[in-house]
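# Okay, predicted coordinates and the sequence, questions at the end:
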Amino acid sequence: MTKQLKTIFICLVIGILIGMALGVNIGRNKPLLSNPFAKESLVDRAKALGNETLEQSGKALEKTGQALQDKAK
């Protein structure tokens, strides 16, 4: 009985650790099997933020252009 309990406990701990690693990757929008402890460099973060900002401003500009076209009609 104690050997079964020990096995269940070890499997539970391993499952929790794997689940936490996958959860960290999901939270950081990274591939599931990537290293959750890898530090993202400041340059990479700045590039990602710049790309995101550029994409959002492009969408806003597109919406504004569409609104102006609708107003002109």
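Everything's here; your move. Numbering: from 1, shown residues only.
# what separates the residue positioned nearest the centre of the chain from E52, distance-wise?
The centroid of the chain falls nearest to N29 when counting by Cα atoms, centre = their mean (1.3 Å). The gap separating N29 from E52 is 11 Å, by Cβ to Cβ, to the nearest Å. Any C-beta I mention is one placed from the backbone N, CA and C, and that applies to glycine too.
# just I18 next, same as before
Using Cβ to Cβ, I18 is found at 30 Å from E52.
# likewise T7?
T7 sits at a distance of 46 Å from E52 (criterion: Cβ to Cβ).
# can you pull out the strands in the chain?
Shown for the chain, no strands are assigned by DSSP state E.
# And the helices in it?
Secondary structure of the chain, counting by DSSP state H: helices at 2-27, 42-72.
# These: lowest mean pLDDT?
For the helices of the chain, mean pLDDT drops lowest on helix 42-72, to a mean of 88.
# can you list contacts of stretch 8-27?
For stretch 8-27, the external contacting residues (Cβ atoms under 8 Å, 6 or more residues apart in numbering) are P31, L32, L33, S34, P36.
# again, only this time at 10 Å
Stretch 8-27 is touched from outside by K30, P31, L32, L33, S34, N35, P36, F37, A38, with contacts defined as Cβ atoms under 10 Å, 6 or more residues apart in numbering.
# Also stretch 37-53?
Contacts to stretch 37-53, defined as Cβ under 10 Å, 6+ apart, come from residues A21, V24, N25, R28, N29, K30.
# Convert that stretch to PDB, retaining C-alpha atoms only.
The C-alpha trace of stretch 37-53 is given here as PDB (Å, rounded to 0.1, in the frame of the first residue of the first chain):
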ATOM      1  CA  PHE A  37      13.500  29.600 -17.700                       C
ATOM      2  CA  ALA A  38      15.200  31.200 -20.700                       C
ATOM      3  CA  LYS A  39      15.600  34.900 -20.300                       C
ATOM      4  CA  GLU A  40      14.300  37.000 -23.200                       C
ATOM      5  CA  SER A  41      16.800  39.700 -24.100                       C
ATOM      6  CA  LEU A  42      15.900  43.400 -23.900                       C
ATOM      7  CA  VAL A  43      16.400  43.700 -27.600                       C
ATOM      8  CA  ASP A  44      14.000  40.900 -28.400                       C
ATOM      9  CA  ARG A  45      11.400  42.400 -26.100                       C
ATOM     10  CA  ALA A  46      11.800  45.800 -27.700                       C
ATOM     11  CA  LYS A  47      11.400  44.300 -31.100                       C
ATOM     12  CA  ALA A  48       8.300  42.400 -30.100                       C
ATOM     13  CA  LEU A  49       6.800  45.600 -28.500                       C
ATOM     14  CA  GLY A  50       7.700  47.700 -31.600                       C
ATOM     15  CA  ASN A  51       6.100  45.100 -33.900                       C
ATOM     16  CA  GLU A  52       2.900  45.000 -31.800                       C
ATOM     17  CA  THR A  53       2.700  48.800 -31.600                       C
END
